[in-house]
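[1] for reference, the sequence and a predicted model appear below.
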Amino acid sequence: MEDEPLAHSPKKDVPPQTYNVHIANVVERATGNAKCAAKFYNGKRERFIRDVESAALFHDLGKLDERNQAVLRGINKGRLCVPHEDAGVAHLLNLGL
């Protein structure tokens, strides 16, 4: 875990969470919720599920920035330097999604 990027830094009794584990958990949960919600969706259900999955996959992309990793690892103090929410949105927009 030492070399793996983090999604969450350690807090009191909670260990750090790696980026890969965090993203996998969020994608699984969000996609499951989207599949349940899609039953009540009148639009393109498969597209809705894919869009939710994409959003979950990229929601913390900016945490991979080296400056944010330094904060998550406790090397630098304070808040994340780079707005991590924006990177995933920018990436999806660049893909035309």
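    That came through, no problem. Worth saying up front: this structure is predicted, and the values here are computed from it rather than measured.

[2] hang on, Ala7 in a strand?
    Yes: under DSSP: H, G, I helix; E, B strand; the rest coil, Ala7 sits within a strand.

[3] residues near it, how many?
    By other Cβ atoms under 10 Å, the residues close to Ala7 number 21. For glycine as for every other residue, the C-beta is placed from the backbone atoms N, C-alpha and C.

[4] thought it was touching Thr18?
    Yes: judged on Cβ atoms under 8 Å, Ala7 makes contact with Thr18 at a distance of 6.6 Å.

[5] setting aside sequence neighbours, what's the nearest residue to Val26?
    Distances taken as Cβ to Cβ, 6 or more residues apart in numbering place Ala56 nearest to Val26, at 4.8 Å, with adjacent residues excluded.

[6] so where's the chain shaky on pLDDT?
    1-2 (pLDDT under 70).

[7] let's see 90
    Along the chain, segments meeting pLDDT under 90 span 1-3, 10-12, 14, 41-43, 81-97.

[8] residues making contact with the longest helix along the chain?
    Using DSSP state H, we find that the single longest helix of the chain is helix 19-38. Helix 19-38 has contacts (Cβ atoms under 8 Å, 6 or more residues apart in numbering) with 4-8, 45, 48-49, 52-53, 55-57, 59-60, 63-64.

[9] check which element follows it along the chain.
    The C-terminal neighbour of helix 19-38 among helices and strands, as given by DSSP states H and E, is helix 45-58.

[10] now Cys36: how far from Leu97?
    Between Cys36 and Leu97 the computed distance is 22 Å (Cβ to Cβ, to the nearest Å).

[11] give me the more crowded residue out of those two.
    A direct count of neighbours by other Cβ under 10 Å for Cys36 and Leu97 places Leu97 higher, at 12 against 9.

[12] do I have it right that that one meets Ser54?
    Yes: contact criterion Cβ under 8 Å: Leu97 and Ser54 qualify, at 6.0 Å.

[13] many thanks, I have nothing further to ask.
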